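Asks: give me a 3D structure for the following:
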Amino acid sequence: MTTPAALLEASIAPSIREVIARLRELGHSVYLVGGCVRDILRGVPPKDFDIATSALPEEVQRAFRKVIPTGLQHGTVTVLAGGTHVEVTTFRSEGDYHDGRRPSAVSFERDITKDLSRRDFTVNAMAWDPLGLEFVDPFGGREDLSARIIRCVGSATERFSEDGLRPLRAVRFASVLGFTLDAETQAAIPATIPVFRKVSLERVRDEFVKLLLSSREEFGLGLLADTGLLEVFLPELARADAEAARLARAATAAAPAEVELRLAALLADLVDPAGAEEVCIRLKFPTKVSEHVRLLVSLAALEHHFESEAPALRRLLARVGPARLEALLEVARARVRVRLPERSGAFEGLRGRLRALAAEKPPLYPKELALNGGAIMAALEVGPSPMVGNATRFLMEQVLDEPSRNTPETLRELLGAWRRTQGA
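Replies: Now for the predicted structure:
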């Protein structure tokens with residue numbers, strides 16, 4: 001098989017070459033496999049290099065001075081070479097999958113083709129020996145890469161029945177790489193959804209996030225809906241009417257590629273704030289992410305503030321917090337671009353006003369009042385009581401209306417007048 005020029009010209013780290021050379025020296029077959037070969041052929045620098053070898057795990061351990069038995073039952077040994085960790089895995093085949101997640105047994109092999117035959121997609125089932133200059137592509141991965149197609153190795157139904165995450169990975173790869181799904185591969189997804197339902201939501205979340213942050217998230221979200229996968233973990237979008245779903249996808253694409261911003265843009269017009277938080281909790285996002293998305297969704301409709309005066313905008317700033325203002329503006333901007341493009345000028349005006357108000361650093365919270373709790377009690381001549389809380393809220397409303405009131409003298413005068421209205 002002709003070796004692609006991209007592989008011959010690829011820059012392979014010395015530590016990787018060192019490991020390959022040592023195993024070859026001992027008579028073993030050694031290849032770079034999977035995503036690194038795919039990315040080199042795409043002209044993209046690989047994030048990491050996976051090595052597969054005919055050497056058994058114990059043979060790999062004996063071959064190097066420093067090793068970590070990372071996953072011996074699956075044939076993986078981590079070699080410490082040149083100050084880096086290099087994962088080396090023995091060629092293997094797998095038994096039946098009974099739980100839709102992992103094989104019932106793993107058998108070590110001496111043949112690279114048997115190892116490649118267990119992999120998910122043809123573009124991930126290529127191998128390259130950079131020292132022996134041997135390229136192995138038994139399933140047409142290079143051709144599919146050129147055609148920009150995601151195709152399962154062998155039977156798509158069998159691959160998806162083995163590991164329930166593979167259908168979502170297929171959609172994610174198509175979105176991230178800018179590819180399309182092979183017709184047979186796509187057609188096999190609906191029938192294997194029961195296996196997909198067995199996958200942990202943490203694994204689903206990780207794949208979903210990669211799709212959401214891709215440059216073709218609109219396409220990916222649509223494909224998730226078309227294949228029935230979306231219904232399993234995000235029914236709020238799957239069950240939305242066609243136009244609502246289209247607008248939600250478009251708003252997501254218009255938001256910056258940050259998880260919380262795209263989640264908020266996606267959910268802002270599909271669910272209420274509590275529903276947005278529920279989605280995040282379901283998908284096992286950290287609490288801080290869930291709370292941030294809920295906040296952004298609760299305030300995303302900034303079109304209601306286009307005509308608001310400064311006091312109302314300062315209250316908005318107090319709700320979102322200055323540190324999160326830019327995040328809110330990005331989510332709101334994405335919505336306006338999609339839903340109210342004719343109001344883009346009004347949005348830009350509001351954005352400028354909010355930024356200007358934030359730059360003034362007005363008092364937004366009780367701790368920023370010129371009178372603290374003790375001073376308020378002294379002014380009212382009372383001890384700790386509900387009145388102090390009521391007085392503090394009153395003063396906050398006063399300084400939100402007019403920040404220049406936030407001086408000890410003015411606040412004491414306001415407290416005196418307020419005290420008289422309380423009948424005490």
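
Asks: and the helix or strand harbouring Val88, which strands flank it?
Replies: Of the helices and strands defined by DSSP states H and E, Val88 is found in strand 84-90. In the sheet, strand 84-90 lines up against strand 50-53 (parallel), strand 76-81 (antiparallel) (DSSP bridges).

Asks: which helices and strands does the stretch of helix or strand Val297 belongs to pack with?
Replies: Element membership for Val297, per DSSP H and E: helix 287-299. Contacts defined by 3 or more CB pairs under 8 Å, 6 or more residues apart in numbering; DSSP states H and E place helix 287-299 against helix 259-267, helix 273-282, helix 310-320, helix 325-339. From N, CA and C alone the C-beta is placed, and that goes for glycine too.

Asks: all strands for the stretch 101-250 of the chain, in order.
Replies: 106-108, 127-129, 134-136, 149-150, 180-181 (DSSP state E, counting those that start in this stretch).

Asks: from the chain's centroid, how far away is the third one?
Replies: The chain centre lies 34 Å from the centre of strand 134-136; the measure is CA atoms, centre = their mean, to the nearest Å.

Asks: got it, and the first one?
Replies: Distance of strand 106-108 from the chain centroid (CA atoms, centre = their mean) equals 33 Å.

Asks: residues in contact with that strand?
Replies: Strand 106-108 has contacts (CB atoms under 8 Å, 6 or more residues apart in numbering) with Leu56, Pro57, Gln73, His74, Gly75, Thr90, Phe91, Arg92, Ser93, Glu94, Gly95.

Asks: turn the strands paired with strand 84-90 into TSV, including mean neighbour count and mean pLDDT.
Replies: Listed next are those as TSV, based on neighbours: other CB atoms under 10 Å; pLDDT from 0 to 100:
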stretch	mean neighbour count	mean pLDDT
strand 50-53	23	95
strand 76-81	21	92
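
Asks: any chance of these in JSON lines, with distance to Cys152 too?
Replies: Shown next, in JSON lines, are the strands paired with strand 84-90 (distance: least, CB to CB, whole Å):
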{"stretch": "strand 50-53", "distance to Cys152": "20"}
{"stretch": "strand 76-81", "distance to Cys152": "24"}
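
Asks: so which of those strands comes closest to Phe121?
Replies: strand 50-53 (14.9 Å; CB to CB).

Asks: and Asp50, bridged to which residues?
Replies: Bridge pairing for Asp50 - DSSP bridges - gives Val33.

Asks: how about the contacts made by it?
Replies: Leu32, Val33, Gly34, Gly35, Cys36, Glu87, Thr89.

Asks: the domain parsing of the protein - what is it?
Replies: Listed domain ranges for the chain are 1-139, 148-233, 256-362, 366-421 (source: automatic domain parsing).

Asks: average pLDDT across the third one?
Replies: What it means is domain 256-362. Averaging pLDDT along domain 256-362 gives 97.

Asks: now do the end-to-end distance for it.
Replies: Terminal residues of domain 256-362 are spaced 28 Å apart (CA to CA, to the nearest Å).

Asks: repeat for the last one
Replies: For domain 366-421, the first and last residues are 21 Å from each other (CA to CA).

Asks: what mean pLDDT does it have?
Replies: Across domain 366-421, pLDDT averages out at 94.

Asks: stretch 54-67 too?
Replies: 94.

Asks: now the terminal residues of it, how far apart.
Replies: End residues of stretch 54-67 are separated by 17 Å (CA to CA).

Asks: show me what counts as buried in it.
Replies: Ser54, Ala55, Leu56, Pro57, Glu59, Val60, Gln61, Ala63, Phe64, Val67 (16 or more other CB atoms under 10 Å).

Asks: how about the residues you listed in CSV, adding distance to Ala356?
Replies: Output for the buried residues of stretch 54-67, formatted as CSV (distance: CB to CB, whole Å):
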residue, distance to Ala356
Ser54, 67
Ala55, 66
Leu56, 68
Pro57, 64
Glu59, 68
Val60, 63
Gln61, 64
Ala63, 65
Phe64, 62
Val67, 60
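
Asks: out of those residues, list just those in strands.
Replies: Val67 (DSSP state E).

Asks: who's in contact with Phe91?
Replies: Phe91 touches Ser29, Ala52, Thr53, Ser54, Gly75, Phe108, Glu109, Arg110, Asp111, Ile112, Lys114, Asp115, counting by CB under 8 Å, 6+ apart.

Asks: check contacts around the nearest residue to Arg239 once chain neighbours are set aside.
Replies: Spatial nearest neighbour of Arg239, excluding adjacent residues (CB to CB, 6 or more residues apart in numbering): Glu231 at 7.5 Å. Counting by CB under 8 Å, 6+ apart, Glu231 touches Ala225, Ala238, Arg239.

Asks: ok, and the most crowded of those residues?
Replies: Ala225 (19 neighbours; other CB atoms under 10 Å).

Asks: residues contacting the closest residue in space to that residue that isn't next to it in sequence?
Replies: If you skip the residues right next to it in sequence, Ala225 has Ala238 as its closest partner in space, 5.6 Å away by CB to CB, 6+ apart. Shown in contact with Ala238 (CB under 8 Å, 6+ apart): Leu224, Ala225, Leu230, Glu231.

Asks: using a markdown table, lay out the residues you listed together with distance to His292.
Replies: Listed next are those as a markdown table, based on distance: CB to CB, whole Å:
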| residue | distance to His292 |
| --- | --- |
| Leu224 | 23 |
| Ala225 | 26 |
| Leu230 | 23 |
| Glu231 | 26 |
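
Asks: quick one: which of the residues you listed sit in helices?
Replies: Residues of those located in helices (DSSP state H): Leu224, Ala225, Leu230, Glu231.

Asks: how far away is the last one from Ser200?
Replies: Put plainly, it is Glu231. Separation of Glu231 from Ser200 (CB to CB, to the nearest Å) stands at 18 Å.

Asks: repeat that for Ala191.
Replies: For Ala191, the distance to Ser200 equals 21 Å [CB to CB].

Asks: with Leu325 instead?
Replies: 36 Å.

Asks: of those two, who's got more company?
Replies: Shown here are Leu325 and Ser200; by other CB under 10 Å, Leu325 has more neighbours (18 against 12).

Asks: wait, that one sits on Leu354?
Replies: Yes - if you go by CB atoms under 8 Å, Leu325 and Leu354 touch, sitting 6.4 Å apart.

Asks: now do the shared contacts for these two.
Replies: Joint contacts of Leu325 and Leu354 (CB under 8 Å, 6+ apart) are Leu317.

Asks: now do the helices in the stretch 51-200 of the chain.
Replies: Applying DSSP state H, counting those that start in this stretch to the stretch 51-200 of the chain gives helices spanning 57-63, 112-117, 141-147, 156-162, 166-177, 183-187, 193-196.

Asks: this completes my enquiry, with thanks.
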